[in-house]
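**Student:** Test case, fold it:
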Amino acid sequence: MTREEAKRKAAELVSKMTIEEKASQLRFDAPAIPRLGIPAYNWWNEALHGVARADTATVFPQAIAMAAMFDEEKMQEIGDVIATEGRAKYNAYSAQDDRDIYKGLTFWSPNVNIFRDPRWGRGHETYGEDPYLTSRLGVGFVKGMQGNGDVMKAAACAKHFAVHSGPEALRHEFDAVASKKDMYETYLPAFEALVKEAKVESVMGAYNRTNGEPCCGSQLLLVDILRGEWGFEGHVVSDCWAIKDFHENHKVTVGPQHSAAMALEAGCDCNCGCTYQSIMDGVKSGLIDESYITASCERLFTTRYLLGLFDGSDYDKIPYEVVECKDHVELALDVARKSAVLLKNNGILPLNKEKLKVIGVVGPNANSRIPLYGNYYGTSSRYITVLEGIQDEVGEDVRVLYSEGCHLYKDRVEGLAYADDRISEAVTVAKHSDLTIAVLGLDETLEGEERDQSNGVGSGDKDTLLLPRPQRKLVQALIDTGRPLIVILMAGSSIDLSAADEHADAILQAWYPGARGGKAVADILFGKCSPSGKLPVTFYYNTDHMPAFTDYSMKGRTYRYMEKEALYPFGYGLTYGKTAVTAASLMATPTLNSDIELTVTVQNTDETDTEDVIQVYIKDQDSSLAVKNYSLCAFKRIAIHAGKTETIDLTIDNTAMMVVDENGKRLIMSKHFTLYVGFSQPDARSAALTGTIPAEITFSI
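**Tutor:** From the prediction side, this is the model:
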């Protein structure tokens, strides 16, 4: 069904409704209208990394982990699997007339906000700090979820629009002030790509204000940019209870009727919350014109028609048995393997279990399921922790000793014990083992969404990049034993790993790796596969030189604008192979209006098969408007067999040569550019960590 056909049918159906019925359909929990044969529909569903909050589903690694694959095609495959399971569950539930929350086909994912500050608690829901990477991964995810058939497989949602990335504690009252240059250079590109390229069906407004206007009622964002500049044709949904913030926290309106009027006039069609229950009062008082209600209702029913919810589709035949089926679980496991980032390795990895008698596994995340989840997750029928993954891998051949070592963040595990009550056991385990694997980090109780019921630290943001004090004490105690030490970090953001970087033999960033994440970690540790993930965020030493959390200027933030050296740079990650770009050249001289086409030769001189990610960065050599450093403009995940050489062609979009001026306009202002082609950024820190430098290509147009 084309959008025009769906719009026509929606308009015809809506024309039969009373104004009260139309108003009722703008709620997220839209009631049934029996006289018109319209069943109830709940618009609120989640699918950040698998169908969430609706019982069993395949649980993929957290979004930030998926981003570490640098793989647009794999993201599309993931999106398709999520939509398939969503359809299977919808078919089963609706057959029983179960129209509950989290059981529809409108998924409020992906989160394409920019992870601009490592303190933000929800950053692990995103695809990282780079707008180009976020755009490409988001486009892949949305295309996979929505499909390309006559009927939309599921409806994706780009959130949170816009200029939204903390602080969580202030989000209901905060005004994110951003220049037009920063908006169009950093905060808006991913949303634009999802609207224009992926044809995302829905956009969710953010809680905060942007430059004075509440996002869910912003004329600039929703009218001028989204529907005006970009031609968005889908529907807009508010973040949950965000419209209530207009009068209660932002203080830009005097009450619910005025807030509802502001949101409707800006084109916010669906209210997650309670404010649109005041629509009819607004109509009676003359504040709200019926035309806005009708327009929003028609847009919402257009989506329902596009999903085939009235006319049916072949997707209605998808059986429940596809939910968490073998192929889907294997895909999630593959993603967990490819997303892990090897940050340090002095040669201790991969482990040879034939040379080991005793392995010590310690740490608060070693045998905890919680860090497997991330947040916004479904329920798996089986979980494999890191401890279990290691035990399963070595079997009876190697003894595995275990100690929790410490609480995740409290100073003791047992309430009546002395502080640090598990450290002596951890030290004992280390001293009795050939090597120790310390599984540390955070989970959703320490970094997450404000007011999340599981949140153990209030707002969900981090005050520091340090591990909690008990874990720092544990690490130091393990270092002091002098025994070989491998650190596994399970966290969704930048952590200060200075001590481990200096003293540990290896560090593996496992993120929140999904239900079978412990097996993926074990597969990497014991060399069943090579690690190949790359950091989608910068790992800083600390926040000493960072701008204030509330400062939305990009100056000094992320790899594109930072002025200090990183602990581990964006794009960095080691493998068990030894890969390098041995040649890179232009296929033709680029012009003002052409794309840039490259031929790249890569080689793996090691004896280990691996995957790696070719990364291309561009630097404008002329314009004062260019980003301070350089920008990612192309990437490609490739498999390189041991001792082999591969040649890959890459295309860089013409827009990579553009700069953004102070009015937010994109244009090419330079003649001279440099491309850096390698497996990392071209910065000195990446060169020191990897032992290689990217190839350089300088060209003029």
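**Student:** shouldn't residue 357 be in contact with residue 401?
**Tutor:** No - the criterion here is C-beta atoms under 8 Å, and residue 357 misses it with residue 401 at 10.9 Å. For glycine as for every other residue, the C-beta is placed from the backbone atoms N, C-alpha and C.
**Student:** These two - which one has more neighbours?
**Tutor:** Between residue 357 and residue 401, residue 401 has the larger neighbour count (other C-beta atoms under 10 Å), namely 17 against 10.
**Student:** Let me see the contact set for that one.
**Tutor:** Shown in contact with residue 401 (C-beta atoms under 8 Å, 6 or more residues apart in numbering): 358, 359, 360, 361, 429, 432, 433.
**Student:** out of these, which are buried?
**Tutor:** 359, 360, 361, 429, 433 (16 or more other C-beta atoms under 10 Å).
**Student:** Could you find the closest non-adjacent residue to the second one?
**Tutor:** I take that to be residue 360. Leaving aside its sequence neighbours, residue 360 sits nearest to residue 433 (C-beta to C-beta, 6 or more residues apart in numbering; 3.4 Å).
**Student:** where are the low-confidence patches of the chain?
**Tutor:** The model of the chain has pLDDT under 70 over residues 451-458.
**Student:** The stretch 501-650 of the chain: strands as residue ranges?
**Tutor:** Per DSSP state E, counting those that start in this stretch, the stretch 501-650 of the chain carries strands over the ranges 506-509, 579-586, 596-604, 610-620, 631-640, 645-652.
**Student:** The fourth one pairs with which strands, and in what direction?
**Tutor:** In the sheet containing strand 610-620, its partner strands are strand 631-640 (antiparallel), strand 672-678 (antiparallel), by DSSP bridges.
**Student:** now the angle between strand 596-604 and it, please.
**Tutor:** 140 degrees (axes from the mean of the first three to the mean of the last three C-alpha atoms, to 10 degrees).
**Student:** so strand 610-620 versus strand 645-652, what angle?
**Tutor:** 40 degrees.
**Student:** three-state assignment of residue 293?
**Tutor:** With DSSP: H, G, I helix; E, B strand; the rest coil as the basis, residue 293 sits in helix.
**Student:** I'd say it and residue 264 touch.
**Tutor:** Yes - judged on C-beta under 8 Å, residue 293 makes contact with residue 264 at a distance of 6.8 Å.
**Student:** Check which helix or strand the residue nearest to residue 481 when sequence neighbours are not counted maps to.
**Tutor:** Nearest residue to residue 481, sequence neighbours excluded (C-beta to C-beta, 6+ apart): residue 430, at 4.6 Å. Using DSSP states H and E, residue 430 falls within helix 423-431.
**Student:** helices or strands up against that helix?
**Tutor:** strand 358-362, strand 399-403, helix 469-480 (3 or more C-beta pairs under 8 Å, 6 or more residues apart in numbering; DSSP states H and E).
**Student:** Can you mark which positions in that helix are buried?
**Tutor:** Quick answer for helix 423-431 (16+ other C-beta under 10 Å): 423, 425, 426, 427, 429, 430.
**Student:** Show me which of those is closest to residue 5.
**Tutor:** Using C-beta to C-beta, residue 426 is the member of the buried residues of helix 423-431 that lies nearest residue 5, at 64.4 Å.
**Student:** need the contact list for that closest one.
**Tutor:** Contacts of residue 426 by C-beta under 8 Å, 6+ apart are 362, 363, 403, 404, 405, 406, 474, 477, 478.
**Student:** Now do the second one against residue 346, distance only.
**Tutor:** It refers to residue 363. 20 Å (C-beta to C-beta, to the nearest Å).
**Student:** Give me the more crowded residue out of these two.
**Tutor:** Between residue 363 and residue 346, counting by other C-beta under 10 Å, residue 363 is the more crowded of the two (31 against 9).
**Student:** and the residue nearest to residue 360, backbone torsions?
**Tutor:** When quoted as degrees, to the nearest 10, the phi and psi of residue 433 stand at phi -120, psi 160.
**Student:** same question, residue 671
**Tutor:** Taking degrees, to the nearest 10 as the convention, residue 671 sits at phi -110, psi -20.
**Student:** isn't it right next to residue 699, touching?
**Tutor:** No - using C-beta under 8 Å, residue 671 is not in contact with residue 699; the gap is 9.4 Å.
**Student:** how many neighbours does residue 645 have?
**Tutor:** By other C-beta under 10 Å, 13 other residues sit near residue 645.
**Student:** Which residues does it form beta bridges with?
**Tutor:** Beta bridges link residue 645 to residue 603 when assigned by DSSP bridges.
**Student:** for it, what are its contacts?
**Tutor:** Residues counted as contacts of residue 645 (C-beta under 8 Å, 6+ apart) are 582, 601, 602, 603, 604.
**Student:** which of those residues lies closest to residue 251?
**Tutor:** Distances from residue 251 to the contacts of residue 645, taken as C-beta to C-beta, are shortest for residue 602 (56.6 Å).
**Student:** unless I'm mixing things up, that closest one is touching residue 644, no?
**Tutor:** No - in terms of C-beta under 8 Å, residue 602 does not count as a neighbour of residue 644; the distance is 9.1 Å.
**Student:** These two - which one has more neighbours?
**Tutor:** More crowded of residue 602 and residue 644, by other C-beta under 10 Å: residue 602, with 23 against 13.
**Student:** ok so residue 49 is a helix residue?
**Tutor:** No - Residue 49 is assigned coil when assessed by three-state DSSP, not a helix.
**Student:** Go ahead and flag the most central residue of this protein.
**Tutor:** Central residue of the chain (C-alpha atoms, centre = their mean): residue 126, 2.5 Å from the mean position.
**Student:** do you know how far residue 466 is from residue 430?
**Tutor:** Remark: distance between residue 466 and residue 430 (C-beta to C-beta) = 22 Å.
**Student:** same thing with residue 595?
**Tutor:** Per C-beta to C-beta, residue 595 is found 54 Å from residue 430.
**Student:** just residue 172 next, same as before
**Tutor:** As judged by C-beta to C-beta, residue 172 and residue 430 stand 46 Å apart.
**Student:** related to what we said a few turns ago, let me know the closest of the contacts of residue 426 to residue 575.
**Tutor:** Using C-beta to C-beta, the contacts of residue 426 come closest to residue 575 at residue 363, 24.5 Å.
**Student:** and the closest residue to the closest one other than its chain neighbours, bridged to which residues?
**Tutor:** Residue nearest to residue 363 in three dimensions, not counting chain neighbours: residue 439, with 3.9 Å by C-beta to C-beta, 6+ apart. In this entry, residue 439 is beta-bridged to residue 488, by DSSP bridges.
**Student:** measure residue 439 to residue 361 for me?
**Tutor:** According to C-beta to C-beta, residue 439 stands 7 Å off from residue 361.
**Student:** hang on, isn't residue 442 packed against residue 492?
**Tutor:** Yes - between residue 442 and residue 492 a contact is recorded at 7.1 Å, counting by C-beta under 8 Å.
**Student:** more neighbours, the two?
**Tutor:** More neighbours surround residue 492 than the other of residue 442 and residue 492, with 31 against 28 (other C-beta under 10 Å).
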